[in-house]
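Chemist: model this:
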Amino acid sequence: MDLSDEKECLDMALKNFGLSERIDILVNCGGFSQRDQFIDCEYSLCDQMMRVNCLSPIALIKGVVTNYLESTDKTKQLQIVNILSVSGLVGVPCRTFYSASKFGLDGFGKAIQGELLDENVWLTHIYPAYVQTNISKNAKLGDGSDLGNLDQNIKKGMKVEEACDQ
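Modeler: As a prediction, this is how the structure comes out:
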């Protein structure tokens, strides 16, 4: 599935997620970051980052929730987990588009939680700080090229296994 195509995500969720008995949990964890000042970034990077980090997870949520609400068996709850970032709580310089995309998904999740309280649909937001992943290595520079290396904060961050255990 191409996370940069929110329509494909919605279509996939509506079509395929409805084929199984029911989805119990959706974990939105795909995304990418940036490492450059806002003024030095092409606008197309903002567009792509919003589609991948914010709009496509919203489309997946829409599809899964739609199928859940149309199902006849609501004895179990639907759990949606959005893996966000502390950068979505506090804007971080040189990660402006990344922060904006995470703020957007965070705000969306908080808003729909109130709409879905009576439907047994629950949202959990997780805000990891620095975790030893390839997020900075794959982060985009303003021209769209990859940073290509791990930054020091990521190198010093917690191991993935440790983050998962918390």
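Chemist: Need the three-state assignment for residue 124.
Modeler: With DSSP: H, G, I helix; E, B strand; the rest coil as the basis, residue 124 sits in strand.
Chemist: For the residue nearest to it when sequence neighbours are not counted, list the residues it contacts.
Modeler: Nearest residue to residue 124, sequence neighbours excluded (C-beta to C-beta, 6 or more residues apart in numbering): residue 81, at 4.8 Å. From N, CA and C alone the C-beta is placed, and that goes for glycine too. Listed by C-beta atoms under 8 Å, 6 or more residues apart in numbering, the contact set of residue 81 reads 25, 26, 27, 28, 123, 124, 125, 126.
Chemist: so where's the chain shaky on pLDDT?
Modeler: The model of the chain has pLDDT under 70 over residues 16-22, 74.
Chemist: Which parts of the protein are helices?
Modeler: 6-16, 43-50, 56-70, 96-115, 152-156, 160-165 (DSSP state H).
Chemist: Including mean neighbour count, could these go into TSV?
Modeler: Converted to TSV, those look like this (neighbours: other C-beta atoms under 10 Å):
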stretch	mean neighbour count
helix 6-16	17
helix 43-50	16
helix 56-70	20
helix 96-115	18
helix 152-156	12
helix 160-165	11
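Chemist: Residue 131 versus the residue nearest to residue 124, what's the distance?
Modeler: From residue 81 over to residue 131 the distance is 15 Å, taken as C-beta to C-beta, to the nearest Å.
Chemist: Please report phi then psi for the residue of the chain positioned farthest from its centre.
Modeler: Distance to the chain centre peaks in the chain at residue 72, reaching 28.5 Å (criterion: C-alpha atoms, centre = their mean). Dihedral angles of residue 72 (phi, psi; degrees, to the nearest 10) stand at phi -90, psi -20.
Chemist: now do residue 128
Modeler: The phi/psi pair for residue 128 (degrees, to the nearest 10) is phi -70, psi 150.
Chemist: and it, what is it in contact with?
Modeler: Neighbour list for residue 128: 83, 84, 85, 86, 163 [criterion: C-beta under 8 Å, 6+ apart].
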